[in-house]
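**Student:** structural data only, the sequence is not supplied:
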């Protein structure tokens, strides 16, 4: 069956978000783009199994996530690549991540357990509902909620955010200035 | 969005007392303000990639495939 033009458009419009998800997952733009490419090839080869009327982005995210998981397991067997090693790698290639201002945040994100990281990104950035995120990750909605909460708590700790007034030196300076500067 | 509430309305004690609980206890509930900040940073990072649009290599890949199992040839 020839690929419907609307299906092609749906795939294309999901690409930017798919890339952003992949980069957040693996922290490396080149590897993320390879992951996206492999995901698209798999998806297009199996486009007949996509159910029209359902969420194309969610379908593609599921394929990408499963592929990333199996790749990750393989690599992990090869070189015991723990979360810590991953974070170190991220630190050694900051130029791959564009603007410096997100570096601290990315490094903190990289230190989260993978389950928590993906749950947080799906719900907090990709805009999926808890239910959609649960479908993508193949787990219960309650599990996603708990992972997102844990991820937020851990991030706040890593970034030393105890409250809005303690968010960082710039924010503090700004607050002092706004407060009348005695 | 109400990102800039006066800082005086925060309750800093709440976060620090809850953090002293057992490490495996249910995570402390973060204030709305903190959640908003984290969400803002997360989306800013994500949006930076979104704004790059569809890179040429992916546009070509998707457009080259015609259905009918006529997959990428290289």
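**Tutor:** The structure has been received and is ready for your questions. None of these values were measured; they are calculated from a predicted model.
**Student:** please name every helix or strand in contact with the biggest helix by length in chain B.
**Tutor:** Secondary structure assigned by DSSP state H gives helix B:32-50 as the longest helix of chain B. Under the contact definition 3 or more Cβ pairs under 8 Å, 6 or more residues apart in numbering or on different chains; DSSP states H and E, helix B:32-50 sits against helix A:5-26, helix A:103-110, helix A:114-124, helix A:141-158. C-betas here are computed from N, CA, C, even on glycine.
**Student:** can you name the element that comes right after it?
**Tutor:** Once the chain leaves helix B:32-50, the next helix or strand it forms, by DSSP states H and E, is helix B:56-64.
**Student:** can you get me a residue count around the residue of chain A found nearest chain B?
**Tutor:** For chain A and chain B, the shortest gap (Cβ to the nearest Cβ) falls at residue A:3, measuring 3.2 Å. Using other Cβ atoms under 10 Å in any protein chain shown, residue A:3 has 17 neighbouring residues.
**Student:** that one and residue A:47 touch, don't they?
**Tutor:** Yes: Residue A:3 lies in contact with residue A:47 (Cβ atoms under 8 Å); the separation is 6.0 Å.
**Student:** where in chain B is pLDDT low?
**Tutor:** Chain B contains residues with pLDDT under 70 at B:1-29, B:66-74.
**Student:** if you set the cut-off to 90 instead, what comes out?
**Tutor:** Residues of chain B meeting the criterion pLDDT under 90: B:1-38, B:63-74.
**Student:** likewise chain A?
**Tutor:** By pLDDT under 90, the weakly predicted segments of chain A are A:1-6, A:25-28, A:52-53, A:70-107, A:159-182.
**Student:** domains of it?
**Tutor:** Using automatic domain parsing, the domain parsing of chain A gives A:1-78, A:112-182.
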